[in-house]
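Enquirer: sequence plus predicted model, see below.
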Amino acid sequence: MKGHLIGLDGRALGNVSRHRGIGRYTACMIENLVSLGSDAFRFLVFGYGDGPGEGLLDPDVLSRLDWRALKRIPGPHQLTFPSEYVLMATAVQGARVDLFHAMDHNMTPFLRCRSVVTVHDLIPLVLRGPYLGPFSWTWLQAHRLAARRASAVVAVSENTAQDVRRFWGIPPERVKVIREGVEDFYRPVEDRGRLESVLAKYGIKEPYLLYTGGFDPRKNIPNLLRSFRIFSARQPRGYRLVLCGETTAFERDLLRGIREEGLQESVVITGFVEREELPVLYSGAACSLYLSLYEGFGLPVLEAMACGCPVVASRAASLPEVLGDAGILVSPHDPEEAAAAVERICTDERLRAELVEKGLRRAAGFSWRKAAAEVILLYREILEGDRR
């Protein structure tokens with residue numbers, strides 16, 4: 001007997017999200033669902049074009065996937081989403097899937113089949129301000145409707161689950177917390193030659209602190225720079241601050257902030273960094289500094305721990321859930337506190353070694369295989385009638 005046909009949302013593998021958190025979530029979840037799927041399930045991925053971009057999915061998994069192309073409508077999402085949602089619902093309906101899993105809450109509310117929606121965060125509702133545009137409320141209401149109609153909502157952290165219940169009124173019994181994992185290649189890199197090669201590529205001199213991520217307002221970059229300025233003024237060793245990530249949309253503000261703090265000679269901006277180079281940069285860093293005001297999960301914190309890099313992170317949103325006691329939590333609004341925490345790590349070898357060990361143990365508890373297994377169990381509950 002053929003197994004249940006599960007539709008998987010692969011749109012993030014073909015848009016601007018492919019190298020961001022949602023893109024990595026989508027790729028890792030698809031890879032592990034397909035690897036774990038038994039005869040009970042068949043998978044059909046809906047995405048743009050003829051397949052995911054090169055290198056986004058494991059070739060073995062890719063060879064076992066069925067792919068259904070969705071039509072892409074040009075223009076800003078705030079204007080095109082109604083048509084996109086109709087086309088997506090039509091495609092899913094035509095494939096006669098038993099259940100559809102949206103990998104983020106940008107989800108059509110017009111499905112007639114059972115569905116699961118993963119929610120990473122509700123940034124526009126929590127932070128508002130720069131995250132709300134002229135048409136935001138319309139598509140946010142569509143997302144809310146899709147989630148309310150879903151058989152279950154997967155939240156990537158308890159913090160996100162609380163936001164889903166608070167803002168969307170989803171009953172607690174229909175919200176399942178399934179935390180993200182860390183990819184296997186995030187591990188300590190001990191090859192000194194490889195480290196020197198990557199550092200030379202980006203013009204980085206040791207010792208350095210590392211930030212990886214975006215540069216939008218919630219990332220709290222001004223306080224990150226202030227913290228580093230306070231820390232470096234106390235240190236004779238000449239630390240650098242390395243900023244990894246695509247800066248294009250925020251480059252003017254970033255450069256102005258660096259000038260205002262007088263850090264032109266000590267900040268290195270790498271731009272986009274290939275995934276295989278990130279473990280090298282984490283492994284060589286004295287410390288990872290992450291002062292975000294809000295995260296749905298916080299993958300960079302988990303990646304740093306997995307690579308043996310001590311972490312100073314915000315005592316905010318989901319970050320305490322991810323970091324636990326394996327790093328130092330600080331107020332994102334207090335640069336002095338953050339600078340002091342970094343100084344402790346960089347001057348106390350015993351503390352640093354302790355945090356490295358705790359971080360490695362902590363990261364080992366987050367697995368994409370475990371997350372996918374929990375998702376498959378949820379599929380079974382829905383399809384066997386324990387959930388509507």
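Expert: Received, thanks.
Enquirer: look at Glu54 and report its pLDDT.
Expert: Glu54 is assigned a pLDDT of 66 by the prediction.
Enquirer: next, the buried residues of the helix or strand bottoming out on mean pLDDT in the chain.
Expert: Lowest on mean pLDDT, DSSP states H and E among the helices and strands of the chain sits helix 59-63, with a mean of 78. Within helix 59-63, the residues that count as buried by 16 or more other C-beta atoms under 10 Å are 61-62. For glycine as for every other residue, the C-beta is placed from the backbone atoms N, C-alpha and C.
Enquirer: please apply the same query to stretch 5-17.
Expert: Using 16+ other C-beta under 10 Å as the test for burial, stretch 5-17 gives 5-15, 17.
Enquirer: and those residues, which is the shakiest by pLDDT?
Expert: Ser17 (67).
Enquirer: tell me the gap between the least confident helix or strand of the chain and the middle of its chain.
Expert: Helix 59-63 has its C-alpha centroid displaced from the chain centroid by 23 Å (C-alpha atoms, centre = their mean, to the nearest Å).
Enquirer: could you do stretch 241-261 as well?
Expert: On C-alpha atoms, centre = their mean, the centre of stretch 241-261 falls 21 Å from the chain's centre.
Enquirer: distance to Arg362 and secondary structure for the buried residues of stretch 5-17 - can I get that in JSON lines?
Expert: Below are those laid out as JSON lines (distance: C-beta to C-beta, whole Å; DSSP: H, G, I helix; E, B strand; the rest coil):
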{"residue": "Leu5", "distance to Arg362": "37", "secondary structure": "strand"}
{"residue": "Ile6", "distance to Arg362": "31", "secondary structure": "strand"}
{"residue": "Gly7", "distance to Arg362": "34", "secondary structure": "strand"}
{"residue": "Leu8", "distance to Arg362": "29", "secondary structure": "strand"}
{"residue": "Asp9", "distance to Arg362": "30", "secondary structure": "strand"}
{"residue": "Gly10", "distance to Arg362": "30", "secondary structure": "coil"}
{"residue": "Arg11", "distance to Arg362": "32", "secondary structure": "helix"}
{"residue": "Ala12", "distance to Arg362": "27", "secondary structure": "helix"}
{"residue": "Leu13", "distance to Arg362": "29", "secondary structure": "helix"}
{"residue": "Gly14", "distance to Arg362": "33", "secondary structure": "helix"}
{"residue": "Asn15", "distance to Arg362": "32", "secondary structure": "coil"}
{"residue": "Ser17", "distance to Arg362": "27", "secondary structure": "coil"}
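Enquirer: returning to that earlier point: just the CA trace of the following helix or strand past the least confident helix or strand of the chain, in CSV.
Expert: Where DSSP states H and E defines the elements, the next helix or strand beyond helix 59-63 is strand 66-70. What follows is strand 66-70, C-alpha atoms only, in CSV (Å, rounded to 0.1, in the frame of the first residue of the first chain):
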residue,chain,number,x,y,z
ASP,A,66,9.6,14.7,-6.4
TRP,A,67,9.4,18.4,-7.2
ARG,A,68,6.4,20.4,-8.3
ALA,A,69,7.1,23.8,-9.8
LEU,A,70,5.1,26.8,-8.6
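Enquirer: identify each buried residue in strand 66-70, please.
Expert: 67-68, 70.
Enquirer: and it, what does it pack onto?
Expert: strand 41-48, helix 77-95 (3 or more C-beta pairs under 8 Å, 6 or more residues apart in numbering; DSSP states H and E).
Enquirer: tabulate the ones you listed (a markdown table), appending distance to Arg226 and mean neighbour count.
Expert: Output for the helices and strands packed on strand 66-70, formatted as a markdown table (distance: least, C-beta to C-beta, whole Å; neighbours: other C-beta atoms under 10 Å):
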| stretch | distance to Arg226 | mean neighbour count |
| --- | --- | --- |
| strand 41-48 | 41 | 20 |
| helix 77-95 | 34 | 16 |
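Enquirer: dump the ones you listed to TSV, plus distance to Glu336 and mean pLDDT.
Expert: Shown next, in TSV, are the helices and strands packed on strand 66-70 (distance: least, C-beta to C-beta, whole Å; pLDDT from 0 to 100):
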stretch	distance to Glu336	mean pLDDT
strand 41-48	47	92
helix 77-95	40	88
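Enquirer: closest one to Phe110 among these?
Expert: helix 77-95 (3.8 Å; C-beta to C-beta).
Enquirer: right, and the helix or strand after the closest one?
Expert: strand 99-102.
Enquirer: what's downstream of that following strand, the next helix or strand?
Expert: Following strand 99-102 in sequence, per DSSP H and E, is strand 114-119.
Enquirer: now the helix or strand that that next one is followed by: mean pLDDT?
Expert: With elements assigned by DSSP H and E, the helix or strand that comes after strand 114-119 is helix 123-127. For helix 123-127, mean pLDDT rounds to 93.
Enquirer: CA atoms only: put helix 123-127 into CSV for me.
Expert: Extracted C-alpha coordinates of helix 123-127, given in CSV (Å, rounded to 0.1, in the frame of the first residue of the first chain):
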residue,chain,number,x,y,z
ILE,A,123,8.6,40.0,14.3
PRO,A,124,6.1,42.5,12.7
LEU,A,125,3.6,42.0,15.5
VAL,A,126,6.1,42.0,18.3
LEU,A,127,8.4,44.9,17.2
